[in-house]
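Participant: sequence unknown, structure follows:
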């Protein structure tokens, strides 16, 4: 009787930005702006957005895509 054992693993890797914000972003009040960033890694990185050190959450002025790599914000 032949028994075959297999070990399958997925290596953990440090996240790498594939798209990131560059420098200072200037916005105009009353205009909806889109910002985008993305990263790869194992496990898949979770993207979080911050404004002045505070997390940006879903509200009437913010729209996120499914995986939070892109959001639209109406600056008032």
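Facilitator: That came through fine. As the structure is a prediction and not an experimental result, all values here were calculated from the model.
Participant: Going by C-alpha atoms from here, please, whenever you check contacts or count neighbours.
Facilitator: Noted.
Participant: Now do residue 47 against residue 28, distance only.
Facilitator: Distance, residue 47 to residue 28, by Cα to Cα, to the nearest Å: 25 Å.
Participant: swap in residue 37?
Facilitator: For residue 37 relative to residue 28 (Cα to Cα), the value is 20 Å.
Participant: okay, those two: which has more neighbours?
Facilitator: Set residue 37 next to residue 28 and count neighbours by other Cα atoms under 10 Å: residue 37 wins out with 17 against 10.
Participant: And that one, how far from residue 66?
Facilitator: Counting by Cα to Cα - residue 37 and residue 66 are separated by 13 Å.
Participant: ok, residue 65 - contacts?
Facilitator: residue 71 (Cα atoms under 8 Å, 6 or more residues apart in numbering).
Participant: just residue 68 next, same as before
Facilitator: Contacts of residue 68 (Cα under 8 Å, 6+ apart): 46-48.
Participant: Residue 29 now?
Facilitator: Contacts of residue 29 by Cα under 8 Å, 6+ apart are 74-76.
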